[in-house]
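**Student:** Got a predicted structure here, sequence first:
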Amino acid sequence: MAGPQTQGLERGRFGDKPAKVLIVVAPYYREIANQLLHGARAEIEAWGATHETAEVPGALEIAPAIGMAARLGEFHAFVALGCVIRGETTHYDTVVEESAHGITLLGLQGHCIGNGILTVENEEQARVRAEASGQDKGGGAAAAALHLLQLSRRWQRPEKKLGFLGDRLGAGE
Ligand SMILES: Nc1c(NC[C@H](O)[C@H](O)[C@H](O)CO)[nH]c(=O)[nH]c1=O
Ligand SMILES: CC(=O)[C@@H](O)COP(=O)(O)O
C-alpha cells in the first residue's frame with residue numbers, strides 16, 4: 001500500500017458498488033504526471049474502485065476543476081496530481097500555496113480528496129517522488145482519498161439513510 005500505513009484503515013472494497021474516483025492532473029511536466037498517474041491508478045484499482053482522469057493546464061486549475069466535478073455528484077472521491085518546480089520568481093509560492101489551499105477548502109466542505117501535487121526544487125526531486133517504484137506520491141494521494149471515503153461511509157449514521165422515517169423512529173439516539 002502506498003503512503004503512510006494509517007492505523008485501523010485497510011484497503012477495503014466498498015461493498016457491491018465500487019467507489020468512483022476522479023483524478024484531476026496538471027501535466028505541466030508530462031513525464032512526472034505520467035508517473036503520478038500510474039501510481040494513483042494502481043492504488044485505486046487495488047481498492048476495487050474505478051477511476052476517470054481529467055487534465056487541467058496547471059496546478060492552480062486543479063481545485064476549481066474538482067469543485068466543478070464535485071457539484072455533479074457523480075464521483076465519490078478525488079485525487080489531485082501535479083508538479084510545481086521552483087523558478088526564478090515568487091510565482092512558485094503562489095502556485096504552491098493556492099493550489100494546496102483550494103484543495104484544503106474543498107476537503108473542509110466534506111469532499112474526499114488526496115493531494116498529490118509535488119512541490120519541489122528540481123526535476124530530480126520530482127522524479128524520485130513521482131515514480132510508482134519510488135516514493136509513489138500519486139499512490140499515496142489516492143490512498144488518502146479512499147481512506148477519507150472509507151471514514152465517511154463508516155460515520156454515515158443508518159438513520160441518515162432512512163431519512164424522515166429514521167428521525168421519527170429516533171434511530172441512533
Ligand atoms: N509553474 C507551474 C505552474 N504554473 C501555471 C499555473 O498552475 C496556472 O496554470 C497558470 O498560472 C494559469 O492559471 N503550474 C504547475 O502545475 N507547475 C508549475 O511548475
Ligand atoms: C512554479 C512556477 O510558477 C515557476 O515554474 C515559474 O517560473 P519563474 O518563477 O521562473 O517564472
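**Tutor:** In hand now; what should we look at? Residues are numbered from 1 along each chain as shown. Ligands and ions are numbered 1, 2, ... in the order given.
**Student:** Tell me which residue of the protein lies closest to ligand 2.
**Tutor:** Scanning the chain for the residue nearest ligand 2 gives residue 87, at 2.1 Å (criterion: C-beta to the nearest ligand atom). Glycine gets a C-beta too; all of them are placed from N, C-alpha and C.
**Student:** That residue should be in a helix, yeah?
**Tutor:** No - applying DSSP: H, G, I helix; E, B strand; the rest coil, one finds residue 87 to be coil, outside a helix.
**Student:** Let me know how buried it is, in neighbour terms.
**Tutor:** Neighbours of residue 87 under the rule other C-beta atoms under 10 Å: 9.
**Student:** which residue sits closest to residue 80, ignoring its sequence neighbours?
**Tutor:** Take residue 80 and drop its neighbours on the chain: the residue closest to it by C-beta to C-beta, 6 or more residues apart in numbering is residue 62, 4.7 Å away.
**Student:** Just the element for that neighbour, please.
**Tutor:** Per DSSP states H and E, residue 62 falls inside helix 62-72.
**Student:** by contact count, what packs against that helix?
**Tutor:** strand 20-25, strand 77-85, helix 91-108 (3 or more C-beta pairs under 8 Å, 6 or more residues apart in numbering; DSSP states H and E).
**Student:** out of those, deepest packed?
**Tutor:** Comparing those by mean neighbour count (mean count of other C-beta atoms under 10 Å), strand 77-85 ranks first with a mean of 27.
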